[in-house]
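Undergrad: generate a structure from the sequence data that follows.
(one chain, ligands or ions: 5)
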Amino acid sequence: MKRNNGITLIALVVTIIILLILAGVSITMFSGKGIFARAQSGAEKWKQGEEIENSTIASLIDGFDSEEQKLQLVSPTITIVGESDKNQQVFANDVQVKIIGNNMPVVKSLHYLVDGAEAKSDTEIQNNQTFSLSAAGRITIKAYSVGWDNQKSAFAEREIIISKAPPEYAVIEITGDTEVQSLPTTVKAKVTHISEYNDIDISNCKYVINNSGDDVGTDKANYTNTFTSNGEEIDVTINGVGNYFLHVLSTNLAGQSTETKKTISSYANYHTHIGDATHGGACYQTPNYHQHVDACYSKTYHKHTSSCNATATCTVTYSRSSASYGPTKCASCGASGTKSGTTYYYYENHSSCGQGKVKYDTRTKWNCTNCGAKASAPAAKSGSTTHSYDTGGYKCGKTTSTVESSTIICGKDGQIESYSLSCGKDENTVDSYTISY
Ligand SMILES: [Zn+2]
Ligand SMILES: [Zn+2]
Ligand SMILES: [Zn+2]
Ligand SMILES: [Zn+2]
Ligand SMILES: [Zn+2]
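TA: Ligands and ions are numbered 1, 2, ... in the order given. Now for the predicted structure:
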């Protein structure tokens, strides 16, 4: 503050204000305090406002001198006590808000309105005075000045976000196949960070996918992946059977973080045979046809006939043997001891038929030395003959066990009796993988 020669600052201000009131403000000031009292009060307030620049005064004087008689009131400034203006976020139970009037000497009163969690109001407030906000949420504060001419300034407006808790959670919506034929597979996870009373700081929201259900915590360094937008859809790859955990760290502009986990599981569905061996179908498609057994047949066995008999040729040759006798009594002359002779025995000799040596005739030759009577015996047959005979074997090549004909009597010829597995799988075969989330 500079002091002008010969005149005190307070006197100058009083003078200025009186001039302003008399010249620029409509003449509606006949109630309440007198002009001097108001001027004095304004001066005191001005004196207290050390931050008012001399230039403000200059502009006020300019306003006074101009043809435009209405002063252009500047809106008050809304300040959050103890907080920078960096992000308009505070984390406190009780927030102090200060209203600072601009071009104060011509301001008759300052007002503020709270629009938000707290009830609307229109409250007059002293310059540089603070009031407190205790509710959480997005709160709009408006402030305006009323000049001595009852003109209202434009609203100053400021949104204050009062954070009392970290981000609530992230909503993780998984979409993708719930059953796949093979792994790996990929599902989509749409991640929406929720913070009712905060602005999400997406650049500090992160995630990591692992196989542990343990909390990763709120240390950002433990998260490997970043988001580019709230509500981003990220890929989660399921490499094999097991549990996969998507850990999401949601962070607000106040730097507070909350972890949200989502479990995605995959497990194998092993093959189970369906259908049945009796009725077939499904896994059982290979028919097993009836196999005839002995009992299925009525059989006729071979009976040998004469034509079955095997024959062979036997060669018959002839021979004879002889034995001498006498002398004995001659039957012709009756003399005794005068007849002598030889008895011959005739044989057939079979070479192979089994009859062997067969005697077939006996003849005698003799003579009598008394009467001269005599008889001669023929010579043995010469040459040979043959005859056919049964060998006792069979030329048919069959036996009585030989089946001449058989008839199926089971009635099951070509009939399917059961079905065998045809799926080519067993209980270790994985049919599919279920992805659950
Ligand atoms: Zn099967
Ligand atoms: Zn049969
Ligand atoms: Zn036979
Ligand atoms: Zn013979
Ligand atoms: Zn005789």
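Undergrad: where does the stretch 101-250 of the chain get nearest to ligand 1, residue-wise?
TA: Of all residues in the stretch 101-250 of the chain, residue 181 sits closest to ligand 1, at 15.8 Å by C-beta to the ion. (Glycine included, C-beta is placed from N, CA and C.)
Undergrad: now residue 154. Nearest residue, chain neighbours left out?
TA: residue 75 (5.0 Å; C-beta to C-beta, 6 or more residues apart in numbering).
Undergrad: for residue 430, that is, sorry about that
TA: Once flanking residues are discounted, residue 430 sits nearest to residue 268: 4.5 Å by C-beta to C-beta, 6+ apart.
Undergrad: wait, a strand at the one you found?
TA: Yes - under DSSP: H, G, I helix; E, B strand; the rest coil, residue 268 sits within a strand.
Undergrad: contacts only, for it.
TA: Each residue near residue 268 by C-beta atoms under 8 Å, 6 or more residues apart in numbering is listed here: 241, 430, 432, 433.
Undergrad: I figured residue 405 hits residue 300, correct?
TA: Yes - between residue 405 and residue 300 there is a contact at 4.6 Å, judged by C-beta atoms under 8 Å.
Undergrad: before we move on, back to that, right, and the pair among the contacts of residue 268 with maximum separation?
TA: Spatial extent of those (C-beta to C-beta) is set by the pair 241 and 432 at 11.7 Å.
Undergrad: where does the residue lying closest to residue 176 once chain neighbours are set aside fall, secondary structure wise?
TA: Spatially, and ignoring its direct neighbours in sequence, residue 176 is nearest to residue 187 (3.1 Å; C-beta to C-beta, 6+ apart). Residue 187 is part of strand 185-194, with elements assigned from DSSP states H and E.
Undergrad: picking that back up, in strands, which of the contacts of residue 268 fall?
TA: Members of the contacts of residue 268 lying in strands (criterion: DSSP state E): 430, 432, 433.
Undergrad: most neighbours among those, which one?
TA: Within the ones in strands among the contacts of residue 268, most neighbours by other C-beta atoms under 10 Å means residue 433, with 21 neighbours.
Undergrad: what's the spacing between it and residue 363?
TA: From residue 433 across to residue 363, the span is 115 Å (C-beta to C-beta, to the nearest Å).
Undergrad: now tabulate the contacts of residue 268 in TSV and tack on distance to ligand 3 and pLDDT.
TA: Shown next, in TSV, are those (distance: C-beta to the ion, whole Å; pLDDT from 0 to 100):
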residue	distance to ligand 3	pLDDT
241	73	96
430	65	94
432	68	96
433	72	97
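Undergrad: ok, the closest residue to residue 398 other than its chain neighbours - contacts?
TA: Distances taken as C-beta to C-beta, 6+ apart place residue 302 nearest to residue 398, at 4.3 Å, with adjacent residues excluded. With C-beta under 8 Å, 6+ apart as the criterion, the residues that contact residue 302 are 396, 398, 399, 400, 401, 402, 403, 404.
Undergrad: from these, which is closest to ligand 4?
TA: Of all the contacts of residue 302, residue 396 has the smallest distance to ligand 4: 23.6 Å, by C-beta to the ion.
Undergrad: quick check: the closest residue to the closest one other than its chain neighbours vs residue 388, distance?
TA: Excluding the flanking residues, the one nearest residue 396 by C-beta to C-beta, 6+ apart is residue 308, at 3.9 Å. According to C-beta to C-beta, residue 308 and residue 388 sit 15 Å apart.
Undergrad: more neighbours: which of these two?
TA: Using other C-beta under 10 Å, the more surrounded residue of residue 308 and residue 388 is residue 308, with 14 against 10.
Undergrad: any idea how far ligand 1 is from that one?
TA: Distance, residue 308 to ligand 1, using C-beta to the ion, to the nearest Å: 57 Å.
Undergrad: for that residue, which residues are in contact?
TA: By C-beta under 8 Å, 6+ apart, the neighbours of residue 308 are 394, 395, 396, 398.
Undergrad: let me see the contact set for residue 298.
TA: Under the criterion of C-beta under 8 Å, 6+ apart, the neighbours of residue 298 are 406, 407, 409.
Undergrad: by proximity to ligand 3, which residue of the stretch 101-250 of the chain wins?
TA: Proximity of the stretch 101-250 of the chain to ligand 3 (C-beta to the ion) peaks at residue 181, 67.9 Å away.
Undergrad: could I get the phi/psi values of that residue?
TA: Torsion angles at residue 181 (phi, psi; degrees, to the nearest 10) stand at phi -80, psi -20.
Undergrad: what number of residues lie near it?
TA: A count of nearby residues for residue 181, using other C-beta under 10 Å, gives 10.
Undergrad: next, give me the two most distant ones among the contacts of residue 308.
TA: 395 and 398 (9.8 Å).
Undergrad: who has more neighbours, these two?
TA: Counted by other C-beta under 10 Å, residue 395 and residue 398 do not tie: residue 398 has more neighbours, with 15 against 12.
Undergrad: give me the pLDDT value at the more buried one.
TA: As predicted, residue 398 sits at a pLDDT of 94.
Undergrad: need the three-state assignment for it.
TA: Here residue 398 is recorded as coil under three-state DSSP.
Undergrad: residues contacting it?
TA: 302, 304, 308.
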